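In: Predicted coordinates and the sequence they were generated for:
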Amino acid sequence: MKIGFYPGCSLLGSSREYNESLKAIAPAMGLEFAEVPDWNCCGATAAHSLDHQLAFALPARILALAEKAGMEELLVPCSACFSRLAATRYELQKNADLRKEIIDIIEMPYQGTVKVSNALEVLCRAAAANLNGKITKPFAHKVACYYGCYLTRPTELATCKRTEDPQEMDELMKVVGAEPIDWAFKVECCGAGLSVSRTDLVAGLSGKIIKDAVHRGAEAIVVACPMCHTNLDLRRDAIEAQSHERYSIPVLYLSQVIGLALGIDPRTLGLHRHHVPVRFPDAAPNASADSKKPELQLSGKDD
Amino acid sequence: MNESKIILKKSLGEWFNMMTAGGYRVVGPVGQDGQIDFEPVTSPDAVRFDHVQTNNSGKWVMFPRYEAMMRFRLSGKEVQAGEIPPQAPPTVLFGAHPCDAASLATLNAVFTWDSSDAYFEPKLANTTIIGLSCTKGDSYCFCTSVGGGPGDTRGSDVLLTPLDGEKFLAEILTEKGKSVVGLAPQLFSAADGTSKEAALAKIPARFNHRDVTAKLPSLFPKEDVWKEQSLRCLGCGACAYVCPTCSCFDIQDERDRYTGVRIRCWDSCGFGLFTLHASNHNPRHKQSERWRQRVMHKFSYQPERLNVLGCVGCGRCSRSCPVDMNLGEHVAALAEIKV
Amino acid sequence: MNELQQTAKDLLEKNAVAVVIGYGMGSEPSLRRAVFVRKPDQAPQLIFDESCRQNLAFYVLKPEVKALGKAAVVARTPTLRTLLQLATENQITDESVVALPVGNGSVQPLTNFAAIEQYLANVPRGFTAQEQQELAAIKSKTLADRWAFWKSELSRCIKCYACRAACPMCYCSKCIVEVNQPQWVPVPSDMLGNLEWNVIRAMHLAGRCISCGSCADACPAHIRIDLLNQLLATEAMQQFGAEPGLSVRKDYALATFKPTDKEEFIR
Amino acid sequence: MPRIGVFICHCGENISGTVDCAEVAKVSAEFPGVVHSVDYKYMCSDPGQNLIKNAIQEKKLTGVVVAACSPRMHEPTFRRACAEGGLNPFLCEMANLREHCSWVHEKLPATTEKAIDLVRIMVEKVKRNRPLFSINVPVTKTALVLGGGIAGIQAALDIANAGHKVIMVERQASIGGHMAQLSETFPTLDCSQCILTPRMVEVAQHPNITLYTYAELEKLDGFIGNFRAVIRKKAKSIDEKLCTGCGVCFQKCPNKKILSEFNTHLGTRTAIYVPFPQAVPNKPVIDREHCMYFQKGKCRICEKFCPTKAIRFDQQDELIEVNVGAVVAATGYEVKDTDFFPEYGYGKYPDIITGLQFERLASASGPTGGVIKRPSDGRIPETIAFIACAGSRDPAKGISYCSKICCMYTAKHAMLYKHKVHQGKAYVFYMDIRAGGKMYEEFVRRTIEEDEVHYVRGRVSRIYDRDGKLVVRGVDTLLNAKPIEIEADMVVLATAMVAQPDAEELAQKMKVSYDENKFLSEAHPKLRPVEMNTAGIFVAGACQAPKDIPETVAQASAAASKVAGLFSKDELSREPVVAVVSRTGPPEFSNCVGCFLCESACPYQAIEHEEIKTRDGKLIKTVAKINQGVCQGCGTCVALCRTKSIDLQGFTNEQIFAELVSL
Amino acid sequence: MAEFEPKVVAFVCNWCTYAGADLTGTSRMKYATNVRMIRLPCTGRIDFMLLLQAFGHGADGIIVSGCHPGDCHYSAGNFHARRRWMLFRELLDFAGIDLRRVHFSWVSAAEGAKWAELVNDVVNQVRALGPYDEFPKRLNRQSLEQLCSVEVGR
């Protein structure tokens, strides 16, 4: 199935591995991506809180471009981008005056025909249709599925059904052989909203998430959002410093987990880009069969 | 009478001026393709010469869509009533095709058969028809099946036939025709003997109307025939209103406080309520019966009672029909039925 | 034989229906007309292409056609919606008609309203850009120009009521123009009569019109009366969420209300 | 020909001060159809009225226009005068020359001109008036009370004590409703069952009350004074006449693990059971879904042990048809369950319970004998948190209203807990404390001040478990607005009070309106709080909106007094200003095309379906018919009817049209 | 020539606006004489066609008024009316009919002053607009009186 693709800034920068892993698993998942031509910033940065018109105009232009390119569905892996695009589509559908106003600004026709989808939705659907029989290396670990905020809020845009205890990612993880744990911080705030201004609060909030996951026996945290990943992975040192605890638990994008289960090379999946090394003490025997190393090290801080 | 002359196309403007100056209202076919109708005109520039048919016929000149006939006024216990005299301004109906010109005979027969219609007759009397022969037709035209033709002179006072792009053959057919030509005799030159036949459209005959008229009474009881033909008929009045010979009308009073007028306006036998009695009985309850009435009236009743055919083969009804009820086709089909 | 013809043939052979109402060849090569196929071997008469525009749902209510027995009707999307709307207005029952949707690949007879509802759920709806542009073009005129426009348009109206006759939702046995105690609408096709008639028709179809365009197609004077319906259909959808003909649920926009309906025009 | 009389009133100087009454009378005399036109000082005086009466007889008037004050003032007066003069009262109309003309305009020619216009408009109208006759409807003096909670009980007793018959229908096996489940009632802390059960017994024993328990309303037709109800008596599987209520059957029933609805699933019951010991009637029913015999075909132990042989496994549901004159809907409420709250674990933590469950824990007759114990392990909670507004006042949860009783019962719960667990810690999270009511505020203060319950003003965002404790994470908005976490052993949610799950279905059955929350709508929020839009149907208790016991009882008594008022006459008489559907001859029979789009527009559900059939019973068409007993004459259907098949008597299309033509 | 005096027709419900106008009277507030009221039980009864009839019979301006939302004597008639007017106004505007001649209002039985103000405002506004000659009339009363020619349709 051919589907539009909007990378946004994160997938070209801090979360390149998300991009890489999505592209890597696409063929097996029966997905083909077409990038939106001439795309622009989604406005999730400051724009949407500072300028009401800009907040809608930026995403509307992206959607209009996708429409023009004949796309029916647009995959937006970054949750922040997803939220802006989905919110824009929702508001413009509801409010004809606003739609008129925004069309005037972007100077492009806009119908609102393009469905905006996040990675979780698309991968769940693709997994159901295409993954059967393709799992060669089941990801046999206890995982904490961390949804964060954008997949479940606001409820009008939520794609997960039980917004306070979503199950979609958990189900997907079961498909690739993982064992999702029941935990309390699935949809708690990681602090990304204060990512730059109050890193102390971020460390505190993200720290609680990691603490609960580890406390309940998770071996990996699975995320679907570049911001979540940044806070749980990149800020691990700050978290440890604040909580006076050491956590070795790695944080993976769901696409990376699927990729591993499909037997795709860890480097292709960008695992080496993580700050917290992705290694599992009790790696599955088949995963280490052709490796001489005593423990499986899938990534490191070496680049 | 029948005298033939030539008038150049460029002279028409002058002729129009003279007619207007002579007190005539000139009405001719104007408008864009698909929307050509008879309207008052002052110059031939706006007039169309190249169209197959106007949407509506020019019958409104003699028989308007609506027309006030009487006024009344209540005052205390009194009712005052007064006639509104007919308005019949001298009119030239310019550019009527031979089928339209032929339709006047049918209208006249209806409006004068027992007594003279005070509102129709003066208008007809004051109307001069400058006909225009047809140089093209379409698949809906069937004038040749109903006794007419693209160059038929019946009903016209003057009949113009375009001989080429520049000149017309003018056949002056009546006294009325003579007087409108007489307004500007200098514009007319002697005919050079060119026959108009070459210029005329070729309209194939689809049926013989005499046979149809003869056969219809025996078809009357064949309900299935009428039902089958009219199954797709919607029962609207489009065919009747665009028809040059349809003459049904309704009479209505319009009131405002204590004054009022009595108005006559078009009606159509296609409507379900046309024949509804006060008792709620409706002799033509079904659409098939109304379709039969339409065909019988034009091709049987009128020829029999008024000695005039009720159809001139202009094809307007069929062109206007939303569901492609094609009169020519259906009458031809009736003609084929073995009785 | 194409799929439509085959389906029609099958239905007739199985006696599932007594008549298939569809489109056949018309007077001109570009014209289509309604045909009423009653014998399996007549099925090849059926045509379906771009030129088939008439909303055949009208015939489902026509007494003469009804008398033929249960009908299958070749249906574009507007016709399907018409059938559902007629059902909500108690004019047809679930067993009385089979819909043959075309234009979406295969021809799968829809034998009940639930099936039509389901079919329509997957059909895109809303108004086309062209429809919206035409409305916008008129709305952007000045008040005086709008009046002049409609005055000129409506002056051509001869009150033949072809619009009413072609409209499957205009099924009243006695239309308001025929109600004469009092005579609401002047009978003559004068300006007042024409204006009132067209305004009333638009209002009577507001919230019910499924925008099939048959009225404008039928008008011998080529008046764009469909724009009046279109305007109200758009308004009814935007203001009240009215989308007639998508289900048999009774939710006529003018017989329901929300306390929060907008009222900034009321002082 | 019409013969209209016009009577112009001077109203002393009130009209004649600015309007030239003589001129109006003179001009009016010339209007077509007017045969008599006079002016007089005071038309409403006896001599004035006599002018009208005499003229009716002498001039053989067919219509009268009195041009005087507002018809809202004196229309009844002049219509009565006409009736006394021998003219149908509905052939009299008034032109409002005082309030709408002389009082609001200066003395100018235009004022007199307007007065003339007003008279002419009414003359044209009255020419088209038809004689109308009051509509009389007989009244069946039996009331149907739906619901046997405190609202239904109160209403039934009041109506029965007024001397009228009552049929009470209760869907459960016993009457009593939610009130029977409560422990002690605020603010007096008297025992709920102690005050309720005598009333329940009174219902059962009242000679005027017929009680159907384990029964539901199946269908309701008809209109005020003349309803016909069909009641479904569900099969109890016992012969009530033989059963003595000895209780041997449920002692012997082997299936003892069924969660008890009465005990809010905190206790168990048997398959043959009475909901609670004080049940009325105190006779068991068999719950067929859990009975081994009905499910597996074997058992019949109860039958074996029943000393009176009262068990009837083959009993069928029974439909009973009754005629009633009025209906009181008192069907009560439900509370949202804990699984409604995703942020509190979607109901997965057993120690998070609802307020109603806490009532059972606190009740001396409850599953724990009144000891507050955790459902999970039976431990007595050392720390307990109460969360008010659980769902209520939360548009995001779809419940924007206040459940009204939670503030009070939460205070009561906290107080009861403190009374029972002296060392325990109790927290109450709240948004606002709404304690409007006699002794209510004092009660809450006592909870806070004397029983030392910690009231935290703020909401709880999440509850999750951590090492056997429930972590209650919220915010205290009063203390520097800091997030707080409490490790509680038990959490009680004051979950929202909501309409019964089938409230909508019931409302549609009764053809009454309901609001967006499925609570039944009263006819007017202030002036008709116990009547419903459909005449003859009344409402009491929490099925209309959340309310506490005193309010419920007050409303129930009010509804009962309305019913008693209705039953005080043998016939109802109403103004004939109602809609009618026109009929014509065959083949159409009516211009009504039966689209029934008018149906949902009628605020009174007065539009019925009438089938027109041939003599041999074949259906020709279905057309609308107005139930004149129900129609109130607003005319909304008239404006909506495309074919003008519906008209409104007294304000017909012809009349209004004539007014406009004469403008 | 005397200043043009418009004719304004008011369609009002019996329970609120008619009563409100009664209150205007009992309070002796003054307003323009140009208004003629048509009393109906409820705004729900006011057929949109009545408005066209009023224009067709010479009204230069129209007022439609009833109970405020929630106050309807019949509980919901005005809600239904409101929806009808919403669409009707859009249609009139689309057709080029001047909405400055059609006014909708809620006037309660307590708003006598509002009624006076409303009438005066509408009368002034319509007076400024001039006679509504543009709107076709059922009959031209004046020309009939003079037995003048009557329009003939083509």
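Out: Sure thing, it's come through.

In: What residues does the stretch 51-200 of chain A have near chain D?
Out: Contact residues (Cβ under 8 Å from any Cβ of the partner chain) of the stretch 51-200 of chain A with chain D: A:155, A:162-165, A:184, A:188. (C-beta placed from N, C-alpha, C; glycine too.)

In: Where is pLDDT lowest across those?
Out: Lowest in pLDDT among those is A:T155, which has 83.

In: And for it, the neighbour number?
Out: 12 (other Cβ atoms under 10 Å in any protein chain shown).

In: Might one say that it is in contact with D:A396?
Out: Yes: contact criterion Cβ atoms under 8 Å: A:T155 and D:A396 qualify, at 6.8 Å.

In: check contacts around residue 109.
Out: All of this refers to chain A. A:64, A:67-68, A:103, C:129 (Cβ atoms under 8 Å, 6 or more residues apart in numbering or on different chains).

In: The intended chain is chain E.
Out: E:A109 makes contacts with E:15-16, E:19-20, E:22-23, as judged by Cβ under 8 Å, 6+ apart.

In: now do 6 Å
Out: For E:A109, the contact set (Cβ atoms under 6 Å, 6 or more residues apart in numbering or on different chains) comprises E:16, E:19-20.

In: mind putting those residues in TSV, distance to E:F48, neighbour count and secondary structure included?
Out: Output for the contacts of E:A109, formatted as TSV (distance: Cβ to Cβ, whole Å; neighbours: other Cβ atoms under 10 Å in any protein chain shown; DSSP: H, G, I helix; E, B strand; the rest coil):
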residue	distance to E:F48	neighbour count	secondary structure
E:C16	20	25	coil
E:A19	24	23	helix
E:G20	23	28	helix
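
In: May I see those organised as JSON lines, with distance to D:Y346 and pLDDT added?
Out: Output for the contacts of E:A109, formatted as JSON lines (distance: Cβ to Cβ, whole Å; pLDDT from 0 to 100):
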{"residue": "E:C16", "distance to D:Y346": "49", "pLDDT": "92"}
{"residue": "E:A19", "distance to D:Y346": "54", "pLDDT": "92"}
{"residue": "E:G20", "distance to D:Y346": "54", "pLDDT": "92"}
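
In: Could I have the buried ones of the contacts of A:P109 as ChimeraX selection syntax?
Out: Burial among the contacts of A:P109 is assessed by 16 or more other Cβ atoms under 10 Å in any protein chain shown; the matching ChimeraX selection reads:
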select /A:64,67,103
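
In: Which of the contacts of A:P109 lies at the shortest distance from D:G347?
Out: Taking Cβ to Cβ as the measure, D:G347 lies nearest A:E67 of the contacts of A:P109, at 42.8 Å.

In: and the closest one, what pLDDT?
Out: A:E67 is given a pLDDT of 92.

In: C-terminal to the helix or strand where it lies, what's the next element?
Out: If you go by DSSP states H and E, A:E67 is part of helix A:52-68. Counting by DSSP H and E, the next helix or strand C-terminal to helix A:52-68 is strand A:73-75.

In: Show me what that following strand packs onto, helices and strands only.
Out: In terms of contacts (3 or more Cβ pairs under 6 Å, 6 or more residues apart in numbering or on different chains; DSSP states H and E), strand A:73-75 is packed against strand A:2-5, strand A:115-117.

In: hey, least reliable of those by pLDDT?
Out: Note on these: lowest mean pLDDT is at strand A:2-5, with a mean of 91.

In: got a list of contacts for the very next helix or strand once past that one?
Out: Counting by DSSP H and E, the next helix or strand C-terminal to strand A:2-5 is helix A:16-29. Helix A:16-29 is contacted from outside by A:7, A:11, A:77, A:126, A:130, A:134, A:253, A:255-256, A:258-259, A:262, A:264, A:268-270, A:273, using Cβ under 6 Å, 6+ apart.

In: repeat for stretch C:172-184
Out: By Cβ under 6 Å, 6+ apart, stretch C:172-184 touches B:273, C:185, C:200, D:588, D:591, D:593, D:642-644, D:654, D:657, E:49.

In: Show me the residues you listed that map onto helices.
Out: Counted as lying in helices by DSSP state H, out of the contacts of stretch C:172-184, are C:200, D:654, D:657, E:49.

In: show me where the stretch 201-303 of chain A has strands.
Out: Taking DSSP state E, counting those that start in this stretch, the strands of the stretch 201-303 of chain A run over residues A:220-223, A:251-253, A:279-280, A:296-297.

In: The second one: how far from the chain's middle?
Out: Looking back up the chat, that one is strand A:251-253. Strand A:251-253 has its C-alpha centroid displaced from the chain centroid by 9 Å (Cα atoms, centre = their mean, to the nearest Å).

In: Then the first one?
Out: Per Cα atoms, centre = their mean, the displacement of strand A:220-223 from the mean C-alpha position of its chain is 10 Å.

In: Not counting sequence-adjacent ones, nearest residue to E:M37?
Out: Once flanking residues are discounted, E:M37 sits nearest to E:A10: 4.6 Å by Cβ to Cβ, 6 or more residues apart in numbering or on different chains.

In: what do you get for D:K547?
Out: Excluding its sequence neighbours, the residue lying closest to D:K547 (Cβ to Cβ, 6+ apart) is D:K404, at 6.1 Å.

In: what's the helix or strand for that neighbour?
Out: Counting by DSSP H and E, D:K404 is found in no helix or strand.

In: Need the distance between the two termini of stretch C:34-50.
Out: 14 Å (Cα to Cα, to the nearest Å).

In: Can you list the low-confidence ranges for chain A?
Out: A:1, A:281-303 (pLDDT under 70).

In: So it: which segments form each domain?
Out: Following automatic domain parsing, one finds the domains of chain A at A:2-119, A:133-273.

In: out of the ones you listed, nearest to B:C239?
Out: Using Cβ to Cβ, the nearest of the domains of chain A to B:C239 is domain A:2-119, at 41.8 Å.

In: and the residue nearest to E:M37, backbone torsions?
Out: As for E:A10, its main-chain torsions (degrees, to the nearest 10) stand at phi -110, psi 120.

In: tally of neighbours for it?
Out: Using other Cβ under 10 Å, E:A10 is surrounded by 27 other residues.

In: Bridged to it, which residues?
Out: E:M37, E:I63 (DSSP bridges).

In: Same question for D:I8.
Out: Beta-bridge pairing of D:I8 under DSSP bridges involves D:D39, D:A67.

In: Double-check it against D:A22; I have them as touching.
Out: No: between D:I8 and D:A22 there is no contact under Cβ atoms under 6 Å: 8.1 Å.
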